[in-house]
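Colleague: prediction below, plus the sequence it came from.
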Amino acid sequence: MARPTSGTTDLRTDLASLAYEYYINAADRGFIGLELMPVFQVTEKSAYYPKIPIESLLKMPAVKRAPRANYPRSDWQFETGTYTCEEYGWEEQIDDVESALYARYFDSEVVANARAVDILLRAQEKRIAAALFNTSNITNTAAVTTEWSTVATCTPLADVETAKEAMRAASGLVPNVMAMSIKVFNNLVRTKELLDAFRYTNPVETGTREAKRNLLAQYFGVDKVLVGGAIYDSKKKGAAFTLADIWDDEYVLLAKVAMGNDLRDPSLGRTFLWTGDSPSNLNVESYREDQTRSNIIRVRHNVDEAFVFTGAGYLMSNITA
């Protein structure tokens, strides 16, 4: 079959299409990081960007003017945010012999592409989860009184309303997104409070996961409830696998997340994507490696998952016993 010449790297638009289908369905598989830190394309690898602080917008100066006097004027200052994109990537080797041996069972290129995509997205998800479910980064936080795993007596609505008011009082922002792990989600839909709330209208225990998420968004007064279900093998290569959740079941995040591509929209964070090197969040390439008689599939991106305003987030803790 035709192969790329040695040393030539080809942009694989055919595999990129496969990769994109995998990527856009990531939330359905428990990948929620890019919904919490949406992609924002930039033309420079590292840069400053202007940021108007909250105190410059919400101060209440005197605005009264006396006859013949000057009007009051503003002397506000702006701050700067920064980002620095880093390259991440993964390669899969497709040996000619192995490809021929297993051709009757599967397409080696498709499998290699899917593996590389999943590895890259899983690593990105873990970076975002580690940054967001972290009280060192998001300092607006408080523990709930009764863990939501205590399904008979917990009071999630009161906890969320208290957190929303605390966030509004601290930043002036109201959250539009709520994020939690799959374990917290499963506990939440079994709580007496939720079961009683929808028992005679739309029983929460009988719907699909999507239907349950929509009910929770309605119940808690947010636009969207995100459920992080991604897992990873926490052991090193060669050791018996031990699966662990990427999203910690100790926290629930309330956040103001940007719904568009405008930096003026207050937002917890962004995934800055350097388009000069990485046109999309998933870039699929291939090249020939003659010394190993292999084709190489590479998936990569050049990004920085960075906070824009940590005050646009609130962490509820003590969620699971």
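Modeller: Thanks, I have the structure now. Residues are numbered from 1 along each chain as shown.
Colleague: and the closest residue to K59 other than its chain neighbours, what does it touch?
Modeller: Take K59 and drop its neighbours on the chain: the residue closest to it by Cβ to Cβ, 6 or more residues apart in numbering is W76, 7.9 Å away. In short, each C-beta sits where N, CA and C put it, glycine included. For W76, the set of contacting residues under the criterion of Cβ atoms under 8 Å, 6 or more residues apart in numbering consists of 52, 56, 59.
Colleague: could you do D95 as well?
Modeller: D95 neighbours (Cβ under 8 Å, 6+ apart): 292-294.
Colleague: and which of those is nearest A114?
Modeller: Of all those, the one sitting nearest A114 is S294; the distance, using Cβ to Cβ, is 17.6 Å.
Colleague: mark which of the contacts of D95 are buried, thanks.
Modeller: Buried members of the contacts of D95, counted by 16 or more other Cβ atoms under 10 Å: S294.
Colleague: nearest to R199, of the contacts of D95?
Modeller: S294 (59.1 Å).
Colleague: surely that closest one is in contact with E91?
Modeller: No: in this structure S294 lies outside contact range of E91 using Cβ atoms under 8 Å: 10.1 Å.
Colleague: which SSE is I128 in?
Modeller: Element membership of I128, judged by DSSP states H and E, is helix 108-132.
Colleague: show me what that helix is packed up against.
Modeller: When contacts are defined as 3 or more Cβ pairs under 8 Å, 6 or more residues apart in numbering; DSSP states H and E, helix 108-132 sits against helix 13-24, helix 33-36, strand 86-95, strand 269-274, strand 283-289, strand 294-307.
Colleague: ok, what's across the strand from R270?
Modeller: Going by DSSP bridges, R270 is paired in beta bridges with A306.
Colleague: hmm, back to that, which one of the contacts of D95 is nearest Y48?
Modeller: Using Cβ to Cβ, S294 is the member of the contacts of D95 that sits closest to Y48, with 42.8 Å.
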